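> Structure of the sequence below:
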Amino acid sequence: MIKTITAKNFASFGRLIHHPLRHKKSKTRNLFCIVCKERENVGWRIAYLIVRDKTINKLEQHPKTFESFEPVAGKTLLYVAKAKSPKRIHCFNLDKPVVLHKGIWHGVVATGKESEVKITENAKVNCIYWKLGFSLNSGHKIS
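Next up is the predicted model:
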């Protein structure tokens with residue numbers, strides 16, 4: 001089942017990229033807040049991903065970096081899991097920008113011909129892959 005992203009249901013995987021005081025501050029001034037900050041001076045990079053996969057059979061993990069997924073165009077599904085357990089894989093409609101916690105298993109698929117996602121992460125990324133033994137696809141219903 002595909003879930004709609006909310007701050008509450010996504011909290012164990014990461015956080016929304018938004019301003020928490022958006023509705024409580026003046027509507028005539030700019031608002032700024034730091035959403036996520038590394039303690040180490042590791043540098044970062046911005047990437048642009050065109051998602052064409054409709055099916056994936058593995059998830060990946062970056063143990064030492066946060067990673068943002070920011071939808072730009074098209075419709076994307078984001079699969080996430082905190083542990084290597086097929087029963088613990090959650091699927092979200094990526095309709096809001098999010099930042100994943102370090103070490104979250106993840107993967108994306110497009111629901112149409114393709115989708116586009118902006119990604120921000122550490123400049124050096126260590127990838128670990130989890131071969132699932134089954135496929136995740138874009139044919140799920142959104143709830």
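> From the chain's centroid, how far away is the strand ranked longest in the chain?
With DSSP state E applied, the strand covering the greatest number of residues in the chain is identified as strand 128-137. From the chain centre to the centre of strand 128-137 is a distance of 17 Å (Cα atoms, centre = their mean, to the nearest Å).
> List the pairing partners of it within its sheet, with orientation.
strand 55-61 (antiparallel) (DSSP bridges).
> Now do the helix or strand following the partner strand: everything it contacts.
Proceeding N to C from strand 55-61, the next assigned helix or strand is strand 67-73, under DSSP states H and E. Identification of contacts with strand 67-73 by Cβ atoms under 8 Å, 6 or more residues apart in numbering yields 17, 36, 48, 76, 78, 94-100, 106, 108, 115-121. All C-beta atoms are positioned from the backbone trio N, CA, C, and that covers glycine.
> Ok, stretch 108-116 next?
By Cβ under 8 Å, 6+ apart, stretch 108-116 touches 48-56, 69, 71-79, 94, 117, 136-138.
> cool, stretch 46-60 as well?
Here stretch 46-60 has contacts from 72, 74, 76, 79, 81, 89, 105-111, 113-121, 127-138, using Cβ under 8 Å, 6+ apart.
> what about the closest residue to L100 other than its chain neighbours, distance to D95?
Of all residues not flanking L100 in the chain, G14 sits nearest, at 4.0 Å (Cβ to Cβ, 6 or more residues apart in numbering). Note on G14: its distance to D95, by Cβ to Cβ, to the nearest Å, is 15 Å.
> Over stretch 100-113, what's the mean pLDDT, rounded is fine.
Stretch 100-113 carries an average pLDDT of 94.
> Likewise for stretch 77-96?
Per-residue scores along stretch 77-96 average to 95.
> which parts of it are buried?
77-81, 89-94, 96 (16 or more other Cβ atoms under 10 Å).
> Stretch 128-142 too?
Buried, per 16+ other Cβ under 10 Å, within stretch 128-142: 130, 132, 136, 138, 140.
> show me where pLDDT drops low in the chain?
Along the chain, segments meeting pLDDT under 70 span 22-34, 40-41, 140-143.
> so who does R45 touch?
R45 sits next to 120-123 when contact means Cβ under 8 Å, 6+ apart.
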